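In: Fold the following for me, if possible:
(chains A and B)
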There are 2 protein chains.
Amino acid sequence: MRKIDHQECVIPVRDALDVISGKWKLLILISIAAGYKRFKEIERNTPKITPKVLAKELKDLEEHRLINRTVYDETPVVIEYSLTPYAETLEKVILALRDWGANHRKQIFGK
Amino acid sequence: MRKIDHQECVIPVRDALDVISGKWKLLILISIAAGYKRFKEIERNTPKITPKVLAKELKDLEEHRLINRTVYDETPVVIEYSLTPYAETLEKVILALRDWGANHRKQIFGK
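Out: Residues are numbered from 1 along each chain as shown, chains lettered A, B, ... in the order given. Predicted structure coming up:
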């Protein structure tokens, strides 16, 4: 890890982890990025998440300005979630995690 | 997030997050990468971590084969931690988080 300078890394990495903390936020962003905009769709495409946890994580993501919540005044009311331009900046992090996770699976399960 | 394919991303990203879950593991790896090999050194260089949490996280990291624990039979006994070659594969994830975190700080605090 030659490129890793302790002082330069610890605080920004901690800040990043504070925002995307836990195991759900990035998975939810991936689901919304894939076009799943409604609560039930996101829930179905985020393995093992519960409705209660999803509701809280969506609220956090909105506060961190990573997603938008749009309410359509129809009957019944329709609520849709979308990524903000700011969420796009997480693409590099998600791709790095995807590559590492895929490799990790090969290391552990050999497939 | 054009490059993000839902099926291709969700499981590997979840696997990666399972391994580096929580806010401490990557920070500990960064401290060890910087040359802080002993428990007290790592503790001092991982902001706000408690000894009890550090002990548990070091054990997890060892189980995930990301660090080695070497015991030197001296008086008193000396224990040192070092990164495994496998931990090096996390460099891209750490650098992506560092860049995102540094940018996030500018977005939020304007500096």
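
In: what number of residues lie near A:C9?
Out: 25 (other Cβ atoms under 10 Å in any protein chain shown). All C-beta atoms are positioned from the backbone trio N, CA, C, and that covers glycine.

In: One more: A:A33?
Out: As a burial measure, A:A33 scores 22 neighbours (other Cβ under 10 Å).

In: give me phi/psi at the nearest residue to A:N68 once chain neighbours are set aside?
Out: Leaving aside its chain neighbours, A:N68 sits nearest to A:S82 (5.0 Å; criterion: Cβ to Cβ, 6 or more residues apart in numbering or on different chains). Dihedral pair for A:S82: phi -140, psi 160, per degrees, to the nearest 10.

In: Would you confirm that A:S82 contacts A:T70?
Out: Yes: between A:S82 and A:T70 there is a contact under Cβ atoms under 8 Å: 6.9 Å.

In: Give me the buried positions along stretch A:52-63.
Out: By neighbour count on 16 or more other Cβ atoms under 10 Å in any protein chain shown, the buried set for stretch A:52-63 is A:V53, A:L54, A:E57, A:L58, A:D60, A:L61.

In: Please report how far the residue most central in space within chain A lies from B:N68.
Out: The centre of chain A sits closest to A:L26, judged by Cα atoms, centre = their mean, with a distance of 1.9 Å. As judged by Cβ to Cβ, to the nearest Å, A:L26 and B:N68 stand 29 Å apart.

In: With A:T70 instead?
Out: 50 Å.

In: of those two, who's got more company?
Out: The neighbour comparison of A:T70 against B:N68 (other Cβ under 10 Å) goes to B:N68, with 15 against 10.

In: and the more buried one, what helix or strand is that in?
Out: Per DSSP states H and E, B:N68 falls inside strand B:67-72.

In: which residues touch the helix or strand harbouring the residue nearest to the centre of chain A?
Out: Assigned by DSSP H and E, A:L26 belongs to helix A:25-33. For helix A:25-33, the external contacting residues (Cβ atoms under 8 Å, 6 or more residues apart in numbering or on different chains) are A:19-20, A:41-42, A:45-47, A:49, A:54, A:57-58, A:60-61, A:66-67, A:81-83, A:87, A:90, A:93-94, A:97, B:1, B:4, B:6, B:9-10, B:13-14, B:17.

In: and those, which are buried?
Out: The neighbour-count test (16+ other Cβ under 10 Å) marks A:19-20, A:41-42, A:45-46, A:49, A:54, A:57-58, A:60-61, A:66-67, A:81, A:83, A:87, A:90, A:93-94, A:97, B:1, B:4, B:9-10, B:13-14, B:17 as buried among the contacts of helix A:25-33.

In: Could I get the CA-only coordinates of the helix ranked longest in chain A as PDB?
Out: Determined from DSSP state H, the single longest helix within chain A is helix A:91-109. These are the backbone C-alpha positions of helix A:91-109, laid out as PDB (Å, rounded to 0.1, in the frame of the first residue of the first chain):
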ATOM      1  CA  GLU A  91     -19.300   5.200  -8.800                       C
ATOM      2  CA  LYS A  92     -15.500   4.700  -8.400                       C
ATOM      3  CA  VAL A  93     -16.000   3.500  -4.800                       C
ATOM      4  CA  ILE A  94     -18.700   1.100  -5.900                       C
ATOM      5  CA  LEU A  95     -16.700  -0.300  -8.800                       C
ATOM      6  CA  ALA A  96     -13.600  -0.700  -6.500                       C
ATOM      7  CA  LEU A  97     -15.800  -2.600  -4.000                       C
ATOM      8  CA  ARG A  98     -17.400  -4.700  -6.800                       C
ATOM      9  CA  ASP A  99     -14.000  -5.800  -8.100                       C
ATOM     10  CA  TRP A 100     -12.600  -6.500  -4.700                       C
ATOM     11  CA  GLY A 101     -15.800  -8.400  -3.600                       C
ATOM     12  CA  ALA A 102     -15.800 -10.500  -6.800                       C
ATOM     13  CA  ASN A 103     -12.100 -11.400  -6.300                       C
ATOM     14  CA  HIS A 104     -12.700 -12.100  -2.600                       C
ATOM     15  CA  ARG A 105     -15.500 -14.600  -3.500                       C
ATOM     16  CA  LYS A 106     -13.000 -16.400  -5.800                       C
ATOM     17  CA  GLN A 107     -10.400 -16.500  -3.000                       C
ATOM     18  CA  ILE A 108     -12.800 -17.900  -0.500                       C
ATOM     19  CA  PHE A 109     -15.100 -20.100  -2.600                       C
END
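
In: Having no further points to raise, I will conclude here.
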